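Q: Sequence and predicted structure are below.
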2 protein chains.
Amino acid sequence: MMKGPASAGPENPGVDGGDSRTINPELWYACAGPLVTLPSVGSLVVYFPQGHSEQVAASMKKDIDAHIPNYPNLPSKLICLLHGVTLHADAETDEVYAQMTLQPINTCDEKALLAYDLALKTNKPQTEFFCKTLTASDTSTHGGFSVPRRAAEKIFPPLDFSMQTPVQELQARDLHDSVWTFRHIYRGKPRRHLLTTGWSIFVSGKKLLAGDSVLFIRDEKQQLLLGIRRANRQPINMSSSVLSSDSMHIGILAAAAHAAANSSLFTVFYNPRASPSEFVVPLAKYNKAVYGNQVSLGMRFRMSFETEELGTRRYMGTITGISDLDPGRWKNSNWRNLQVGWDESAPGERRNRVSIWEIEPILTPFFICPQPFFRTKRSRQPGMPGASA
Amino acid sequence: MMKGPASAGPENPGVDGGDSRTINPELWYACAGPLVTLPSVGSLVVYFPQGHSEQVAASMKKDIDAHIPNYPNLPSKLICLLHGVTLHADAETDEVYAQMTLQPINTCDEKALLAYDLALKTNKPQTEFFCKTLTASDTSTHGGFSVPRRAAEKIFPPLDFSMQTPVQELQARDLHDSVWTFRHIYRGKPRRHLLTTGWSIFVSGKKLLAGDSVLFIRDEKQQLLLGIRRANRQPINMSSSVLSSDSMHIGILAAAAHAAANSSLFTVFYNPRASPSEFVVPLAKYNKAVYGNQVSLGMRFRMSFETEELGTRRYMGTITGISDLDPGRWKNSNWRNLQVGWDESAPGERRNRVSIWEIEPILTPFFICPQPFFRTKRSRQPGMPGASA
DNA sequence: TTGTCTCCCGAAGGGAGACAA
DNA sequence: TTGTCTCCCTTCGGGAGACAA
């Protein structure tokens, strides 16, 4: 058994510590999942304090307490200029998250805002990759990783098949720029691709379990990148010995309120896998959804969900109600104000409340708002931003 | 090798998850260290937002950013009623911390407050314990833990010395109420006490390194308790993928300000080992120190520090300056407003700024304020709480 | 095509006394 | 009294093909 020059464990060229250096965006997006996009720097976005609060609550496994003070000056949504986005990965868990710097802007010029319809360029890189959910054998202490044939052929450098048992050494970088080395061998009867030496160190290093997934990417420079996605979406983390959850929630609201009052910058962390809370939405996407669609009770729609193996699938549903999620605190918010039912029973947790920009309404010719009394009660003037903005 | 019924690892009877159940106070205090006391529930305390902020900054390894808004309505100290104290330990690291529920009280009746001089009952339990700093051999993969003779005799149940090699099984509970089982044997030539089977599982489970300490307590019910204290006081934790450090600081200040404005409850976490920031001080202790002593430049004092092995030692120093730590944000605060020099060079990090209630002034008959011009500039009226309260 | 088993053999590590600081 | 070493022997677990789903 030949050990690499740096013996066991990953080799980390960058001075990491946290993860404050540049993270490979391809890998970040691959780990984040097919549905995650981030708004472009310099674009306008809508920030929902309510959604932000929800994400923190999900991360803390704790409901928002009732005794958080109201911030009457903080609207349920803030139009912001997105000053910066940096990609990160948790040093412990590799969980991906993004830091965004936002600046609330004056919303007096509503016309200009409505006209804001920048092309939603998806700057998600498209690259060759494969993703495999780990089997019990893959994570067992006996033996290595069984590489799916097509995956090995598509992603890994070709082996020298003139050898009796073709072998090579693979190097792949993870989100922290740590290099992991694997022995890639083609052996057995019948022949198959395996990763042997180096694999178990990776599994234990990342604390992977059967059911978790690994993904390999080959980037444009023919370098291998390596990411993980954990199966159990249990809110991994902390009951935080540092800050009470009250203080956290207050911190979010007060920081946003302060920034709104002064048009100053504030910073949020967006954690795409912690909870389905895309609380920073491109203004163009928001406008298109809110002013482009007539939503009504009974309306049918499609919505994309992530599958295993990094694909997407669309499920059909029906709008069963339109109401504020938290009428006390966040009145007239568009945040998840649609109650929905689903045609199929849920693969994982299907949500029973969504926001309008998450769905694709199906406007059949025979089903354009036939029941006027189903319309939302507060008749919304088309062409006006929501009441509380 | 006889495995316990529950095979490897600790047995955890309580449904832990976090640590929300009752933590053994003796063990908590032992792990917290000899200098840590917590104010009594129902007593009055002084809360320093500045100190709280400092602790969070230390936990985040991040300085307080300049662009945190000022909270002009938030004084540098709040007199609070302490409604509740619960003891906790971090599920990951066993780091001890306390959650305190505070209620700011109206400070109009200053006379009553000054009169407040409840006896500072130290409710720290005093129990039999021993603490040993782990050697390289203790933490090596080969062999177990060498128990100091006196420690074994004082704390462990007596062995049956009629046996040729006396052996017994020990069970000890940690802060999470997990039970760890060890084989305690008296063998070797010359004879010594050792913990063998079970020890390495404990070391790896708690991620102990040479230099860390373990402590065993025998409580009044003759049960063994087991705690750890880590050597490297590196701020262990998180660059937090949940909340920006700005939001955290704002959260602290806004939560305190909101509670102060409404005389409502708020919650803080006090982490005695994260940083020397005792930011919740019994009012009696505060009053005694602030109004009982005349502090002057050049004044000599003693101050207690923790030694290894859970003892205390007092070091001598001299007051070299009296000034606000952060004159911009927290004017006229008593929080660490004394600059000090030390007679001996520091064992670990000796602090160069302390608060008056942390020191014991030495009032020599020949050294009672001989230099009037050394007095603090804003002549403090004795009998008046600090200007900003 | 690939997940699991079992077998083989080398590495890791627990548990003992020796020895010395 | 106790920290480190070394030796012994068990256990663990990487790495191979067998075999079956």
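A: Received the coordinates, thanks.

Q: Please save the CA atoms from stretch A:334-350 in CSV.
A: Coordinates of the C-alpha atoms in stretch A:334-350 are reproduced here as CSV (Å, rounded to 0.1, in the frame of the first residue of the first chain):
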residue,chain,number,x,y,z
ASN,A,334,-45.9,37.9,-0.4
TRP,A,335,-43.7,35.6,1.5
ARG,A,336,-45.2,32.1,1.2
ASN,A,337,-48.7,33.5,1.1
LEU,A,338,-50.0,30.8,-1.1
GLN,A,339,-51.4,27.7,0.5
VAL,A,340,-51.1,24.7,-1.8
GLY,A,341,-52.1,21.1,-2.2
TRP,A,342,-50.1,18.6,-4.3
ASP,A,343,-51.3,16.0,-6.8
GLU,A,344,-48.8,13.3,-5.6
SER,A,345,-47.8,12.5,-2.1
ALA,A,346,-44.6,14.1,-1.1
PRO,A,347,-41.1,12.8,-1.8
GLY,A,348,-39.6,14.2,1.3
GLU,A,349,-41.3,17.2,2.7
ARG,A,350,-43.4,18.9,0.2
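
Q: for that stretch, what is the average pLDDT?
A: Mean per-residue pLDDT for stretch A:334-350: 82.

Q: Also stretch A:362-378?
A: 50.

Q: can you give me phi and psi for A:His258?
A: Here is the backbone geometry of A:His258 (degrees, to the nearest 10): phi -60, psi -40.

Q: Skipping adjacent residues, who's closest to it in space?
A: Computed as C-beta to C-beta, 6 or more residues apart in numbering or on different chains, the closest residue to A:His258 that is not its neighbour in sequence is B:Pro69, at 4.8 Å. From N, CA and C alone the C-beta is placed, and that goes for glycine too.

Q: Next up, the contacts around the one you found.
A: If you count contacts by C-beta atoms under 8 Å, 6 or more residues apart in numbering or on different chains, B:Pro69 has them with A:258, A:262, B:250, B:253.

Q: what's the burial count for the residue of the stretch 251-389 of chain A found nearest chain B?
A: Closest contact between the stretch 251-389 of chain A and chain B, by C-beta to the nearest C-beta, is at A:Gly251 (2.3 Å). Neighbour count of A:Gly251, defined by other C-beta atoms under 10 Å in any protein chain shown: 25.

Q: again with the one 5 residues further on
A: By the measure other C-beta under 10 Å, the count of residues near A:Ala256 is 26.

Q: one step back: the residue of the stretch 251-389 of chain A closest to chain B belongs to a strand?
A: No - A:Gly251 is assigned helix when assessed by DSSP: H, G, I helix; E, B strand; the rest coil, not a strand.

Q: Skipping adjacent residues, who's closest to it in space?
A: Excluding the flanking residues, the one nearest A:Gly251 by C-beta to C-beta, 6+ apart is B:Gly251, at 2.3 Å.

Q: again, but for A:Pro276
A: Nearest non-adjacent residue to A:Pro276 (C-beta to C-beta, 6+ apart): A:Arg351, at 6.2 Å.

Q: does that neighbour sit in a helix, a strand or a coil?
A: coil.

Q: Quick check, central residue of chain A?
A: A:Pro272 (2.7 Å; C-alpha atoms, centre = their mean).

Q: Okay, and that residue sits in which element?
A: Using DSSP states H and E, A:Pro272 falls within no helix or strand.

Q: surely it meets A:Gly33?
A: Yes - assessed by C-beta atoms under 8 Å, A:Pro272 is found in contact with A:Gly33 at 6.7 Å.

Q: how far away is the residue nearest to A:Ile68 when sequence neighbours are not counted from DNA strand C?
A: Leaving aside its sequence neighbours, A:Ile68 sits nearest to A:His249 (C-beta to C-beta, 6+ apart; 5.0 Å). For A:His249, the distance to DNA strand C equals 43 Å [C-beta to the nearest atom of the strand, to the nearest Å].

Q: How about A:Ile105?
A: A:Ile105 is 51 Å from DNA strand C, where distance means C-beta to the nearest atom of the strand.

Q: Ramachandran coordinates for that residue?
A: A:Ile105 adopts backbone torsions of phi -120, psi 160, taken as degrees, to the nearest 10.

Q: Just the buried residues from the contacts of B:Pro69, in ChimeraX please.
A: Remark: buried members of the contacts of B:Pro69, expressed as a ChimeraX selection using 16 or more other C-beta atoms under 10 Å in any protein chain shown:
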select /A:258 /B:250,253
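
Q: No further queries at this time; thank you.
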